[in-house]
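1. need a structure here:
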Amino acid sequence: MSISFSLLQTDSKTAARAGILKTDHGDIPTPIFMPVGTVGSVKAVDHFQLHHTIQAPIILGNTYHLYLRPGNEVMQEAGGLHQFMNWPNALLTDSGGYQVFSLSHKRKLTEEGVTFQSHIDGSKHLFTPESVMDTQRVIGADIIMALDECTPWPCEYDYAKKSLGITHAWAERCMKRFKETTPLYGHEQALFPIVQGSTYLDLRKQSAEFIAGLDARGYAIGGLSVGEPDDLMYEMSGLVCSILPKDKPRYLMGVGTPVNLLENIALGVDMFDCVMPTRNARHGLLFTRKGIRNIRNEKYKKDFSPIDPDSDLREDRDYTLAYLRHLFVSGEMLGLQLASLHNLNFYLWLVREARQHILAGSFGYWKQEMTEVLGRRL
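-> Alright, predicted model coming up:
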């Protein structure tokens with residue numbers, strides 16, 4: 001098996017872990033943050049910058065969007081997403097479940113699967129556990145996700161319980177289909193089933209135990225960061241991490257702020273993705289080691305200090321806050337590019353720093369110090 005996970009160290013005061021996730025497209029040091037490249041592109045950041053400048057070892061694509069456009073036929077003829085987008089490092093694909101279930105007025109859920117209308121042209125499609133596995137074989141990501149239902153928050157207990165039954169049945173069908181098929185492009189793929197259960201402790205416990213019993217290469221935690229208070233997120237995440245196997249990677253889907261990352265790393269999460277660094281960047285919000293800047297603020301109009309003097313990113317040191325603000329108020333695309341690159345670089349710096357502190361045995365103190373400032377508005 002060419003995809004494997006090695007746990008190197010666990011922090012003595014928290015459940016934080018440092019490890020290595022090996023794939024055919026390179027080793028991924030954990031904890032790790034994955035930039036989101038929904039349709040095979042991380043918004044406003046080119047692949048050279050992703051690979052060479054901020055050195056992202058893995059990025060994420062989305063099955064729903066790639067299935068609709070460019071479609072399976074184009075993807076297979078291109079030789080999979082790695083070849084199509086000319087990306088040398090690892091890829092992970094979300095099953096598309098979250099996107100489909102967000103189309104609440106355009107989809108119908110049954111035990112067989114989910115029928116939905118395309119947000120592009122209104123055409124009807126059916127996702128089943130089997131078809132989603134087949135599509136992710138065609139896309140060819142190193143790590144792929146099982147089809148699940150992401151319940152909303154708040155969610156009635158009876159609905160969450162019924163949904164969980166469907167998610168578990170689909171996970172088994174995904175595992176079966178995955179074992180019946182083989183990779184298409186000469187590199188190994190790993191399937192991660194997803195823990196659900198909304199914010200109900202008994203359902204989360206039941207789901208974590210069931211999903212852990214599937215003996216997959218890794219596991220995902222879904223249905224969080226959908227509007228629930230942070231304390232509830234941490235309670236659910238901590239419970240699930242206490243149940244999932246210690247020798248397999250744990251991926252918390254769609255999370256979150258820098259503080260969310262550190263708190264969940266402390267609970268035992270290894271992998272994260274979120275659109276927040278690039279989405280917030282496009283609105284002029286910059287994450288820094290001292291807090292959050294809104295670059296559109298008038299106070300930066302004549303601030304000729306570097307964007308971030310603490311950063312190891314050349315662009316953060318070469319350009320000033322005043323210039324970046326000018327780009328935003330002028331509607332120049334370079335502003336979106338510089339801000340997106342900055343935020344992604346910051347997120348990757350944050351998880352690398354967390355890893356070094358875990359290995360050095362100083363994570364607990366460092367994490368407490370960082371969480372006191374990261375959410376502060378400057």
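2. and the helix ranked longest in the chain, how far out from the chain's middle?
-> Using DSSP state H, we find that the single longest helix of the chain is helix 333-360. Mean-position distance between helix 333-360 and its chain equals 14 Å (C-alpha atoms, centre = their mean, to the nearest Å).
3. what's the answer for stretch 114-130, then?
-> 23 Å.
4. name the residues of the helix or strand residue 323 falls within that are buried.
-> Element membership of residue 323, judged by DSSP states H and E, is helix 321-329. For helix 321-329, a neighbour-count test (16 or more other C-beta atoms under 10 Å) marks 321, 323-325, 327-328 as buried. Where you see a C-beta, it was placed from the backbone N, CA and C, and this is true even at glycine.
5. then stretch 185-197?
-> For stretch 185-197, by 16+ other C-beta under 10 Å, it's 185, 187-197.
6. how about it as CSV, C-alpha atoms only?
-> Provided in CSV are the C-alpha atoms of stretch 185-197 (Å, rounded to 0.1, in the frame of the first residue of the first chain):
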residue,chain,number,x,y,z
TYR,A,185,-3.8,6.3,-13.7
GLY,A,186,-1.1,4.2,-12.0
HIS,A,187,-1.1,5.8,-8.5
GLU,A,188,-2.8,4.6,-5.4
GLN,A,189,-6.0,6.1,-4.0
ALA,A,190,-7.3,6.0,-0.4
LEU,A,191,-11.0,6.2,0.6
PHE,A,192,-12.0,8.2,3.8
PRO,A,193,-15.5,7.5,5.1
ILE,A,194,-17.1,10.4,7.0
VAL,A,195,-18.4,10.6,10.6
GLN,A,196,-21.7,12.5,11.0
GLY,A,197,-24.3,12.9,13.7
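7. tell me which helix or strand in the chain has the weakest average pLDDT.
-> helix 97-102 (a mean of 76; mean pLDDT, DSSP states H and E).
8. so what secondary structure elements neighbour that one?
-> helix 63-68, strand 107-109, strand 114-117 (3 or more C-beta pairs under 8 Å, 6 or more residues apart in numbering; DSSP states H and E).
9. thinking residue 265 is in contact with residue 352, fair?
-> No. Counting by C-beta atoms under 8 Å, residue 265 stays clear of residue 352, with 11.7 Å between them.
10. out of the two, which sits in the busier spot?
-> Per other C-beta atoms under 10 Å, whichever of residue 265 and residue 352 has more neighbours is residue 265, with 28 against 15.
11. quick check: which element contains the more buried one?
-> helix 258-267.
12. residues in contact with that helix?
-> 11, 14-16, 31, 33, 225, 230, 233-234, 237-238, 241, 252, 255-256, 272, 287, 346-347, 350-351, 354, 363-364, 367, 370-371, 374-375 (C-beta atoms under 8 Å, 6 or more residues apart in numbering).
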